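Colleague: how would this look folded up:
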Amino acid sequence: MALLALGGHAAPVHAQGARPAILVVGDSLSAEYGIPRGSGWVALLEKRLAEQKLAYQVVNASISGDTTSGGRSRLPALLTQHRPKVVVIALGGNDALRGLPLDMTQANLTEMARAARAAGAKVLIAGIAVPPNYGRKYGEDFFRLFGTVAKAQGTALVPFLLAGVADGPDADEMFQPDRIHPKAQAHPKMLDNVWVALKPLLR
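Modeller: Next comes the predicted model:
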């Protein structure tokens, strides 16, 4: 399983235009950490929307190393600035890496979902998992909290953003040398994981 790096690399934030916005608030998995610009799943999402003639813009407000606390603090200003129709919350891995309490992570995700919905946006939560060395119970509880928040808040859910990447037969080939961040070749699969849950929100 993969976790996220604690770094300061931020993804580019695209200027707001006339099209309704999909706001992505994530960490290094969404911020194109260590891969060429334009090859991450968020950039690929922009291309897919264009190919399918879905008139949305994508605002990537992801920052490597960000936690759910950071996302929670940044979200109100992002909602005011971009007035998104859909908010994708892809945070949590760095909370586990820092050993933060699970109830704090769950509370932050809950508040982000509430704030986005109160602003009139549909919400998609993308889950992540931690490696087995974190302990079975911790890993199961951490993985489960994303679904718990999604169910309680009535949001869409991607159970595991790295499904088919971190747990696939070619997992060793899908990650950068740090064994933390996926290579560019993994991002189309990550987009597919997101797209299943996201597309119904765009209708």
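Colleague: measure how buried the residue nearest to G40 when sequence neighbours are not counted is and give me the count.
Modeller: Closest residue to G40 apart from its sequence neighbours, by CB to CB, 6 or more residues apart in numbering: E32 at 3.8 Å. Glycine gets a C-beta too; all of them are placed from N, C-alpha and C. Neighbour count of E32, defined by other CB atoms under 10 Å: 25.
Colleague: same thing with Y33?
Modeller: Neighbours of Y33 (other CB under 10 Å): 24.
Colleague: next one: G120
Modeller: 10.
Colleague: ramachandran angles for the residue nearest the centre of the chain?
Modeller: The centroid of the chain falls nearest to A90 when counting by CA atoms, centre = their mean (2.0 Å). Phi and psi for A90, reported as degrees, to the nearest 10, are phi -130, psi 60.
Colleague: what's the answer for V149, then?
Modeller: The phi/psi pair for V149 (degrees, to the nearest 10) is phi -70, psi -40.
Colleague: what's near enough to touch it?
Modeller: 106, 109-110, 113, 125, 155 (CB atoms under 8 Å, 6 or more residues apart in numbering).
Colleague: from the residues you listed, which land in helices?
Modeller: Counting by DSSP state H, the part of the contacts of V149 found in helices is 106, 109-110, 113.
Colleague: tell me the pLDDT at the nearest residue to the residue nearest to the centre of the chain once chain neighbours are set aside?
Modeller: Of all residues not flanking A90 in the chain, G26 sits nearest, at 3.5 Å (CB to CB, 6+ apart). Predicted confidence (pLDDT) for G26: 98.
Colleague: for G26, the count of nearby residues, please.
Modeller: Considering only other CB under 10 Å, G26 is surrounded by 28 other residues.
Colleague: same deal with H187?
Modeller: Using other CB under 10 Å, H187 has 23 other residues around it.
Colleague: could you do M174 as well?
Modeller: Neighbour number of M174 under other CB under 10 Å is 20.
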